[in-house]
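In: Predicted model follows, preceded by the sequence.
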Amino acid sequence: MTEILILADIEGSSGCWSYAASAFKTGQWARACLEMTRDVDAVARALCDRGAGRVVIQDFHRTGYNLLPELIDRRAVVRSGYRVGPVPGMGDPGDSRLVMMLGMHAASGTPGFLAHTLTSRLEAVLVEGRHVAEAELFAAALAPYGLRPVFFSGCPLACRQAAAALPGIATFAIDKEQGPVRFDASAWRRQLAGAAADALDLPQAAVYHLAGPVRAEIVFRRGAPEARRVAARWKLDCRGSSVFLEASHMADLYRRLVQVCYLTPVAKALAPLAIRLANLKGRLGLGWVRRRLRGWGQLSYRS
C-alpha cells in the first residue's frame, strides 16, 4: 500500500469564492474552512476506500489551521501548522511516496482565481521568463524524498499550469467564474474524490526534476522600495521592483523563497520560536472558527 501526502489549500476549494474567504478571521473564511474540510474528507475517504496506505494531510493555507480534523475520516492523519524542516513548512514527509495538492491556485502574475505564489506581496516569480506556481515549488521541495506528484485540483488555469510543469499529473478543476449560487458542492466533491482515487492508478507521473542552477526574478507588488529592502536584507541583486537570486536547484529555490517572503535573518535564527508563536495564532484562529460555526448551528459537538 502506498502512503500519500496531501497538501491542502483554500483558494481552490469549494467554499472560497472571494479574497475575504481566504483571509483570517472573517465570516466567509469560517464557512470556507468547513467546506475545505469537507473537500479534503471526501478525498481522504475515497483514497482509503480504494486501498491507499497511510494518508497524511498537511493544512497548507495561511496559518496552517483551516481544517477541522474532527470532521475528517479517522483513517487519515491531519497535520496542522508549520514546521521548520527538513522541508520548510511541511516538515518530514516520512514514508509518503505520492503527493496530492488540493484546493490550489495559479501563479502570481497570471489571471487565475486569487492567483499568487507563496504570498500576494509578489507580483511574479519568474524562472527563465516563465511564471512559477506553488505546485512546481512544492513538487521540487519533495523530490529529494522521492515523492511523485500525481494529483492537483484548483481553478482551470492553476490546473493547466500544474500539468505543464509536472507532466503526467492528473488534474481536476473548479470553475469559479460562475460564482457559488448555482455551484453544486456535493456533486463536485464526489467527482473530485473519484478523480483523486483514480489517480492512484496512473503510473506516468514522475518525481519532479529540473536541472540547476536556477536563476529567479522576484517582482514585488509594492515596487522598488520593498525590493530594495529585501535585497539589502538578504544581500541579493536588485533592479527596480525585482530581486534576483540564484539557487542550486528548484528545491533550493523554494527554500530561498520562503526566507525572502516570510523571514528576516534574525527571524531565521529564531525560527523554532517563531513557528511556535505562529502555530499558536493558528490554533486560536481555528478555535474562533469553531465558535462561529457552532453559533450558526453548523457544528453540534463540543471541541
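Out: It's in. Numbering: from 1, shown residues only.
In: Show me the longest helix that occurs in this protein.
Out: As assigned by DSSP state H, the longest helix anywhere in the chain is helix 271-295.
In: Name the surrounding residues that touch it.
Out: Here helix 271-295 makes contact (CB atoms under 8 Å, 6 or more residues apart in numbering) with 24-25, 27, 29-30, 33-34, 62-66, 68, 80-84, 263, 267, 299-300, 303. C-beta: built from backbone N, CA, C; applies to glycine.
In: In contact with Val40, which residues?
Out: 6, 8, 57, 67, 72, 102-103.
In: Can you flag which of the residues you listed belong to helices?
Out: Among the contacts of Val40, no member falls in helices (DSSP H).
In: Farthest pair within those residues?
Out: Ile72 and Gly103 (13.8 Å; CB to CB).
In: Comparing these two, which residue is more hemmed in?
Out: When Ile72 and Gly103 are compared on other CB atoms under 10 Å, the one with more neighbours turns out to be Gly103, at 31 against 22.
In: was I right about that one contacting Asp39?
Out: Yes. Using CB atoms under 8 Å, Gly103 makes contact with Asp39 at a distance of 6.4 Å.
In: so what sits against both of these two?
Out: Shared contacts of Gly103 and Asp39 (CB under 8 Å, 6+ apart): 8, 13.
In: show me where the stretch 51-200 of the chain has strands.
Out: For the stretch 51-200 of the chain, the strands defined by DSSP state E, counting those that start in this stretch occupy 55-59, 76-79, 98-104, 122-127, 130-131, 148-154, 170-173.
In: elements contacting the last one?
Out: Counting by 3 or more CB pairs under 8 Å, 6 or more residues apart in numbering; DSSP states H and E, the packing neighbours recorded for strand 170-173 are strand 148-154, helix 156-165, helix 185-198.
In: Deepest-packed of these, please.
Out: Compared across these, strand 148-154 shows the largest average neighbour count, a mean of 28 (mean count of other CB atoms under 10 Å).
In: quick one: strands adjacent to that one?
Out: Applying DSSP bridges to the sheet, strand 148-154 is found paired with strand 98-104 (parallel), strand 170-173 (parallel).
In: I'd like the ones you listed laid out as CSV, including distance to Ser248 and mean pLDDT.
Out: Shown next, in CSV, are these (distance: least, CB to CB, whole Å; pLDDT from 0 to 100):
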stretch, distance to Ser248, mean pLDDT
strand 98-104, 22, 98
strand 170-173, 29, 98
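In: Verify the assumption that Phe244 is located in a strand.
Out: Yes. Counting by DSSP: H, G, I helix; E, B strand; the rest coil, Phe244 is part of a strand.
In: who's in contact with it?
Out: 215-218, 236-238.
In: try 10 Å
Out: By CB atoms under 10 Å, 6 or more residues apart in numbering, the residues touching Phe244 are 126, 215-218, 227, 231, 236-238.
In: circling back to that earlier point, the longest helix of the chain: which residues count as buried?
Out: 271, 274-275, 279, 282, 285-286, 289-290, 292-293 (16 or more other CB atoms under 10 Å).
In: Stretch 53-64 too?
Out: Counting neighbours by 16+ other CB under 10 Å, stretch 53-64 gives 54-64 as buried.
In: Pick out the most distant pair among these.
Out: Greatest spatial distance in the buried residues of stretch 53-64: Arg54 and Arg62, 25.8 Å, computed using CB to CB.
In: got any ranges where the stretch 201-303 of the chain has weak pLDDT?
Out: Flagging of the stretch 201-303 of the chain using pLDDT under 70 yields the residue ranges 300-303.
In: switch the cut-off to 80
Out: Scanning the stretch 201-303 of the chain for pLDDT under 80 picks out 203-204, 300-303.
In: out of the contacts of helix 271-295, which are buried?
Out: Neighbour-count burial (16+ other CB under 10 Å) applied to the contacts of helix 271-295 gives 29-30, 33-34, 62-66, 68, 80-83, 263, 299.
In: quick one: which of those residues is nearest His131?
Out: The closest of the buried ones among the contacts of helix 271-295, once distances to His131 are taken by CB to CB, is Arg62, at 21.6 Å.
In: May I have the secondary structure class of the closest residue in space to the closest one that isn't next to it in sequence?
Out: With sequence-adjacent residues excluded and distances taken as CB to CB, 6 or more residues apart in numbering, Arg62 is closest to Phe24, at 6.1 Å. Under three-state DSSP, Phe24 falls in the coil class.
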